[in-house]
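Visitor: Any chance you can model this:
(2 chains, ligands or ions: 1)
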Amino acid sequence: MKRITTIIAAFAACAALTACSSTPQNSDVSVSQNTDTFAGLKLKRAGITDRVVFNTLDELERSSHIAVVGTFINDAEQEVDYEYDPYFKKDIIVDINSANTIEVTKVLMGDVNVGDELKIDQNYGIVDGELITFSELTPMQKGDEWVFFLRKVAKSDHYICTAESDSRFPTKSSASKNGIMPLAEGAELGVYNEADFNDGIYKEIVEKYDV
Amino acid sequence: MKLKKYAAPFLAGLLAAVTVTSTASAHPYDYWQRIYLSKNDANIELYVLYTAQTELLTKENVYDYAINWNNISSDVSVSVEYQNTILPNSNGKWIVTGREFKNTNLGRMNPYDASGNLMDTTPGVNSDWSYVRIDINVDAEAFVDLKNGLITPSKLITNARKTFLHEVGHALKLSHPKQNSTLSGHTVSNGRPYAIMNQGYVRSSSEAVAPDIAFHDKVCLKTKWGV
Ligand SMILES: [Zn+2]
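Guide: This next block holds a predicted model:
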């Protein structure tokens, strides 16, 4: 894994922000993940991320730019964000991001076409033999098919699931096909903790879009 | 209250029964067990970096409210300092940083071990934290609730302030209340208590997200740290 210090990612982030951090940010850009290695990894759920909670499909749609069914078509590539921390007097990991490409197989909503390829970001990555995730969602694996409600990431051509487990769901046929992740009791639902799965919105989606 | 330092879940439950006999509405899974490394209490100093200070996220609107966590438990005290008023040497203080989240995230709390490694926050995984960082979304749009119709500055401030107080609650080792209607006090919105420790926007009082520290949050804090 090669550390690219304060170059591309840090400058791009600073240029995009009006108030640039006084603590410089560095990024590790790793090689692409190999899906086959997930099974043997130790899982660490890092941090507690707080998000908007959606109770209905209508609310979710209004906060999403597009909604599609799609399949991940390759392994994800990850970027690890470090920031200097004055307490430890060194760089520590503050965020991890992986990006993978889906091929759209059905369009539910928005300006997008079947066959389009979209990059999707998710807050997890593999560091020193650990699968570290800030996300409620199980990692992106080549071949997995999901229903996605997505937001365009500002100043980027990537997308992100609008609201974690309130915004990514299995299709009728994918529930048994999607891979089983380590320690993920709700793996076929795409979540680590089954309580995170939004049953109500899922039922509305199945009824409205027949997916 | 030396007991709580080593208290296993059942001991914490016992403590709860003794200290809050009138309510019994705190539950061991609404907070993380254990404490902070080398500390017997939850006296914490927060240090708000420039990156977290925006037009919306100000000392007066948002950050000074962290002290609302005081005067609930005698072992909890929260103070706030700002990068513009003292030298940027935050050794011993927990940092509050600004972040532009890509999706509808509002904030995040990251606990670390003594070496600066991220700690596991899986519910049921309990360990002594060494250090905590709070990230808050500096994109004001994140605090706009599309469901609410008319967006007023006061609604934005309410959601921003709630988010910060919620993250401070996490730093004090309170977690999201478990959704389970059989638990006492978990009577709102399909088995949640009315609490600031629920995630999401503040809406009507018939929904579970409280704009400020609520009864259930206070019971949890006292159960966790002592009266
Ligand atoms: Zn939370």
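
Visitor: Which parts of the chain are strands?
Guide: Going with chain A. For chain A, the strands defined by DSSP state E occupy A:2-4, A:25-29, A:42-45, A:48-51, A:66-72, A:77-85, A:90-109, A:117-122, A:124-127, A:130-133, A:145-152, A:158-161, A:168-170.

Visitor: My question was about chain B, not that one.
Guide: With DSSP E as the criterion, chain B has strands at B:42-48, B:76-82, B:94-99, B:105-112, B:131-137.

Visitor: Rebuild these as a markdown table, extending it with distance to the ion and mean neighbour count.
Guide: (Glycine included, C-beta is placed from N, CA and C.) As requested, these are arranged in a markdown table below (distance: least, CB to the ion, whole Å; neighbours: other CB atoms under 10 Å in any protein chain shown):
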| stretch | distance to the ion | mean neighbour count |
| --- | --- | --- |
| strand B:42-48 | 16 | 21 |
| strand B:76-82 | 17 | 17 |
| strand B:94-99 | 15 | 23 |
| strand B:105-112 | 7 | 25 |
| strand B:131-137 | 11 | 25 |
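
Visitor: Same list (the ones you listed) but as a markdown table, adding distance to B:Thr223 and mean pLDDT.
Guide: A markdown table is the format used below for the strands of chain B (distance: least, CB to CB, whole Å; pLDDT from 0 to 100):
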| stretch | distance to B:Thr223 | mean pLDDT |
| --- | --- | --- |
| strand B:42-48 | 13 | 93 |
| strand B:76-82 | 12 | 94 |
| strand B:94-99 | 22 | 94 |
| strand B:105-112 | 19 | 96 |
| strand B:131-137 | 20 | 96 |
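
Visitor: Distance to A:Glu130 for those - can I get that in TSV?
Guide: Formatted as TSV, the strands of chain B follow (distance: least, CB to CB, whole Å):
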stretch	distance to A:Glu130
strand B:42-48	27
strand B:76-82	31
strand B:94-99	22
strand B:105-112	14
strand B:131-137	19
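
Visitor: Alongside the ion, which residues does chain A contribute?
Guide: Counting by CB under 5 Å from the ion, chain A comes close to the ion at A:Ile48, A:Asp50.

Visitor: residue in chain A nearest to the ion?
Guide: Relative to the ion, the nearest point of chain A is A:Asp50 (4.0 Å; CB to the ion).

Visitor: same question, chain B
Guide: Relative to the ion, the nearest point of chain B is B:Gln199 (4.6 Å; CB to the ion).

Visitor: tell me the contacts of that residue?
Guide: Contact analysis of B:Gln199 by CB atoms under 8 Å, 6 or more residues apart in numbering or on different chains lists A:Asp50, A:Arg51, A:Val53, B:Leu106, B:His166, B:His176, B:Val209.

Visitor: wait, what's in contact with the first one?
Guide: When contacts are counted by CB under 8 Å, 6+ apart, A:Asp50 touches B:Asn105, B:Leu106, B:Gly107, B:Arg108, B:Thr163, B:His166, B:Glu167, B:Gln199, B:Gly200.
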